[in-house]
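Asks: Make a model of this:
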Amino acid sequence: MSEHRNPPEGGDAPRRDGDGPDRGGARPGRPAGEAPAAGPGRDRPAVEPGTSARAGDAAPGRSRTADTASRPTAGAAPGKAAADSEPADGSEGGAGEAQGEPDALTGRQRLVAGLWPPRVNRKQLVAALLLFVLGLGLAIQVRSTSEDSALRGARQEDLVRILGEMDDRTTRLEDEKRRLEGQRSELENSSDQAEEARKQTREREQQLGVLAGTVGAEGPGIQLEIADPAGAVKADQLLNAIQELRAAGAEAIQINDVRVVARTYFTDAGGGVRIDGRRVTAPYRFEVIGQPQDLEPALNIPGGVVQTLQKEQATVEISRSEKIVVDALRSAKRPDYAQSSSQ
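Replies: Numbering: from 1, shown residues only. Predicted coordinates:
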């Protein structure tokens, strides 16, 4: 044990032979420009008897630990000096150990390091390609299923009726084809081809006049009457009815006293509808020439014209007739720019 003496009152503490280099001015090996721990003319704090000097008793701005690590204090116990020489604030010795061991990675850093850069082999590429093809096939299947959802939800009798309509349309087109082929044969085999051509031209003119609305027409068809007490029927709903009838094979259509042709347009008006600029009010009476077996089912399909109008609190009545007269006419308009391409 080192012996500690109390300093005499009013004076400096006595100096020991071994304390000069450690307590005084610059020590050999100290970096240039660094202030000494304590000057020779300054007072030192008294050390209590029975205690040893520690790192906290050193001069301000200088760690006592660094001094004791290089040169142990004279009179200090060997075990104490070894303990005091360990760095307390992670200086040189702690920094060396920290640099020797790598920093621990967090869980997210390990995950990123395992996923990137990707390590892909041939088997993984083949599996990814197969999954892509499978996903594409499923997407196409889902899309086709959604497009056919309207027919999938229809009842069996509705599907039978729709199939019958398609068969009737096919039959009608085949009849038209046979008729045109017969006319061509007559023109080729007739002795008086000029007369036969004039005859067919007049028939064709009548047909085109019916479609253009310039001549009257009569024939089998249906009568459609739409009562609208609430005034909720709009122009687009009447247009939908016209389109559905045309798709079912309607050849001539008249609404009240207005002939409906290819260039007919519908607009909403207060308390009614304007057709080609003419005001038409409810009830709306349709005179339609065509095959009744095709026209009536086309209006009654699920989600079709009749159900849509009934949702608007309108009343719809359909009746078949063997003689429907369409007598509303339109004036023929000479085209300004279009000309016939046949010679």
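Asks: what about the helices in the chain?
Replies: Secondary structure of the chain, counting by DSSP state H: helices at 19-23, 64-70, 78-84, 92-100, 107-115, 122-147, 149-152, 156-189, 193-212, 235-247, 292-299, 305-311.
Asks: Compare the ones you listed and give me the one nearest residue 278.
Replies: For the helices of the chain, proximity to residue 278 was assessed by C-beta to C-beta; helix 235-247 is nearest, at 12.6 Å. To be clear about C-beta, it is placed using only N, CA and C from the backbone, and glycine gets the same treatment.
Asks: Name the nearest residue to residue 313, ignoring sequence neighbours.
Replies: Nearest residue to residue 313, sequence neighbours excluded (C-beta to C-beta, 6 or more residues apart in numbering): residue 230, at 4.7 Å.
Asks: quick one: residue 328 and residue 220, what's the gap?
Replies: Here the criterion is C-beta to C-beta, to the nearest Å. By it, residue 328 lies 18 Å from residue 220.
Asks: The residue nearest to residue 313: neighbour count?
Replies: Residue 230 has 10 neighbours, counted by other C-beta atoms under 10 Å.
Asks: Same question for residue 214.
Replies: Neighbour count for residue 214, taken as other C-beta under 10 Å: 17.
Asks: Now do the same contact list for it.
Replies: 329, 330, 331, 332 (C-beta atoms under 8 Å, 6 or more residues apart in numbering).
Asks: By neighbour count, which of those wins?
Replies: That'd be residue 330 among those, by other C-beta under 10 Å, with 16 neighbours.
Asks: how close does the nearest residue to that one once chain neighbours are set aside get to residue 254?
Replies: Spatially, and ignoring its direct neighbours in sequence, residue 330 is nearest to residue 213 (3.9 Å; C-beta to C-beta, 6+ apart). To residue 254, residue 213 is 9 Å away according to C-beta to C-beta.
Asks: what touches both of the two?
Replies: Listed as contacting both residue 213 and residue 254 by C-beta under 8 Å, 6+ apart are 260, 328.
Asks: could you dump the contacts of residue 214 to TSV with distance to residue 138 and pLDDT?
Replies: Formatted as TSV, those follow (distance: C-beta to C-beta, whole Å; pLDDT from 0 to 100):
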residue	distance to residue 138	pLDDT
329	57	90
330	53	87
331	58	83
332	57	77
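Asks: Hmm, the residue nearest to residue 330 is touching residue 329, no?
Replies: Yes - here residue 213 reaches residue 329: they are 6.3 Å apart, a contact under C-beta atoms under 8 Å.
Asks: Overlap in contacts, the two.
Replies: Common contacts of residue 213 and residue 329 (C-beta under 8 Å, 6+ apart): residue 259.
Asks: contacting residues around residue 227?
Replies: 282, 283, 314, 315, 316, 317.
Asks: Neighbours of the fourth one, how many?
Replies: By other C-beta under 10 Å, the residues close to residue 315 number 13.
Asks: now it, nearest residue through space, not along the chain?
Replies: Among residues not flanking residue 315 along the chain, residue 227 sits closest, at 4.2 Å (C-beta to C-beta, 6+ apart).
Asks: where's the one you found relative to residue 283, distance?
Replies: Per C-beta to C-beta, residue 227 is found 5 Å from residue 283.
Asks: picking up where we left off before, check contacts around the residue nearest to residue 330.
Replies: Shown in contact with residue 213 (C-beta under 8 Å, 6+ apart): 252, 259, 260, 261, 328, 329, 330.
Asks: The third one pairs with what?
Replies: In other words, residue 260. Following DSSP bridges, residue 260 is listed with bridge partners residue 253.
Asks: Is it correct that it is in contact with residue 251?
Replies: No - the pair residue 260 and residue 251 does not pass the contact test of C-beta under 8 Å, sitting 11.2 Å apart.
Asks: Looking at those two, which is more packed in?
Replies: Using other C-beta under 10 Å, the more surrounded residue of residue 260 and residue 251 is residue 260, with 26 against 17.
Asks: For the closest residue in space to residue 286 that isn't next to it in sequence, the count of nearby residues, please.
Replies: The shortest distance from residue 286 to any non-neighbouring residue, by C-beta to C-beta, 6+ apart, is to residue 224 (3.7 Å). Residue 224 has 23 neighbours, counted by other C-beta under 10 Å.
Asks: Correct me if wrong: residue 224 contacts residue 290.
Replies: No - Residue 224 lies out of contact with residue 290 (C-beta under 8 Å); the separation is 11.7 Å.
Asks: give me the low-pLDDT residue ranges for the stretch 151-300 of the chain?
Replies: When residues are selected by pLDDT under 70, those of the stretch 151-300 of the chain lie in 151-153, 190-191.
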